[in-house]
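Undergrad: Model the following, please.
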Amino acid sequence: MRVRPPSRSLSRSLPLLLVLALTLVGCAAGHTSTDPTGVHDDDFGTARAFTVTEDGTLNPTPDAAAEGIWELYARIATREYAATMMSSYRVGNAPDSDTLAYVSPDPDAPGRWTLAANEAFADDRDLLTSTLVHEFAHVLSLNTTEIDADSGPCPTLAVSEGCARAGSAILDFQRQFWAAYADAPNPDNDDSAVADAFYAAHEADFVSAYAATNVVEDFAETFMTYVLETAPADASSPIGAKMAFFDAHPSWAAQATRIRTALGR
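TA: Alright, predicted model coming up:
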């Protein structure tokens, strides 16, 4: 999940971790002319739900606003990856919600995910782009090749999606950057007070306040920064070391290069 950055004139938005919600089931090859299904969404109130088809398009055909968000995500993830990994997509319009977007494993389609987006903030192209890169990082780092969803006791790193596999990027990241903290929030933390206190104690270690929520959000926020922003001048700084982490993982560096090209950066 990614939440709205806090305004300087308002109190801080309450961060929320990845949430599990009801998801639309199934994958259809064709399109229908019916209206999208209206579903309850805990973050957006009511959302319009779509199935992701075999070619990475949506069924039923979305309106322009919903399609624009999906097409940007498909550009970031590639349409082929979206068709393979995403089972459904939902869009809400909730200007009073702090949630910009989230991804959630689909319990009815093991190994696949739902993307949900808040179109109330879609006019801010930079914010939308960074948010969707963040959400894509969650899917890349928490899918079943990286996380064992069926494990029992976890000897590595337990997250809500399961147990991090040996050699997974999220486990490497946790061991390199989080294991030494005595005061680190747990991997599923969504308590803003805990995150705020941790960030205040270690501000120089994080690319954003939201990154201090937990290791999962730190990974996604850091990858988003690696993709979209200029590398810090001090490569030996804590943030510089996190940028170097992705340089040292060729598949992640390649994803970043591909995304930059797809976005014309």
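Undergrad: and the protein, what are its domains?
TA: 2-135, 147-262 (automatic domain parsing).
Undergrad: out of those domains, which comes closest to residue 141?
TA: Residue 141 lies closest, by Cβ to Cβ, to one member of the domains of the chain: domain 147-262, at 4.7 Å. C-beta: built from backbone N, CA, C; applies to glycine.
Undergrad: any idea of the mean pLDDT for the biggest helix by length in the chain?
TA: Longest helix of the chain, by residue count under DSSP state H: helix 125-142. Computed over helix 125-142, the mean pLDDT rounds to 98.
Undergrad: May I have that helix exported as PDB, CA atoms only?
TA: Output of helix 125-142 as PDB, limited to C-alpha atoms (Å, rounded to 0.1, in the frame of the first residue of the first chain):
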ATOM      1  CA  ARG A 125       0.900  12.100 -12.600                       C
ATOM      2  CA  ASP A 126       4.200  12.100 -10.700                       C
ATOM      3  CA  LEU A 127       2.400  10.900  -7.500                       C
ATOM      4  CA  LEU A 128       0.500   8.200  -9.500                       C
ATOM      5  CA  THR A 129       3.600   7.000 -11.200                       C
ATOM      6  CA  SER A 130       5.600   6.700  -8.000                       C
ATOM      7  CA  THR A 131       2.700   5.000  -6.300                       C
ATOM      8  CA  LEU A 132       2.400   2.400  -9.000                       C
ATOM      9  CA  VAL A 133       6.100   1.700  -9.100                       C
ATOM     10  CA  HIS A 134       5.900   1.200  -5.300                       C
ATOM     11  CA  GLU A 135       3.000  -1.300  -5.700                       C
ATOM     12  CA  PHE A 136       4.800  -3.100  -8.500                       C
ATOM     13  CA  ALA A 137       7.800  -3.500  -6.100                       C
ATOM     14  CA  HIS A 138       5.500  -5.200  -3.600                       C
ATOM     15  CA  VAL A 139       4.300  -7.700  -6.300                       C
ATOM     16  CA  LEU A 140       7.900  -8.400  -7.400                       C
ATOM     17  CA  SER A 141       9.200  -8.900  -3.900                       C
ATOM     18  CA  LEU A 142       6.300 -10.700  -2.300                       C
END
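Undergrad: residues contacting residue 158?
TA: 164, 187 (Cβ atoms under 8 Å, 6 or more residues apart in numbering).
Undergrad: hmm, try it at 10 Å
TA: Contact analysis of residue 158 by Cβ atoms under 10 Å, 6 or more residues apart in numbering lists 147, 151, 164, 186-188.
Undergrad: where does it fall, phi/psi-wise?
TA: phi -90, psi 120 (degrees, to the nearest 10).
Undergrad: can you give me the helices in the stretch 101-250 of the chain?
TA: Assigned by DSSP state H, counting those that start in this stretch, the stretch 101-250 of the chain shows helices spanning 125-142, 169-177, 192-201, 215-228, 238-247, 250-262.
Undergrad: Run through who's touching the last one.
TA: Where contact means Cβ under 10 Å, 6+ apart, the residues beyond helix 250-262 that reach it are 72, 74-78, 81, 129, 132-133, 136-137, 140-141, 169, 173, 223-224, 226-228, 245-247, 249, 265.
Undergrad: Pull out the buried residues from those.
TA: With neighbours counted by 16 or more other Cβ atoms under 10 Å, these contain buried members at 72, 74-78, 81, 129, 132-133, 136-137, 140-141, 169, 173, 223-224, 226-228, 245-246.
Undergrad: Was I right to think residue 100 contacts residue 124?
TA: Yes. Residue 100 is within contact range of residue 124, at 9.4 Å (criterion: Cβ atoms under 10 Å).
Undergrad: who touches the residue nearest to residue 141 when sequence neighbours are not counted in this structure?
TA: Among residues not flanking residue 141 along the chain, residue 170 sits closest, at 4.7 Å (Cβ to Cβ, 6 or more residues apart in numbering). Contact analysis of residue 170 by Cβ under 10 Å, 6+ apart lists 137-138, 140-142, 146-147, 156-157, 159, 161, 164, 187, 215-216, 218-220.
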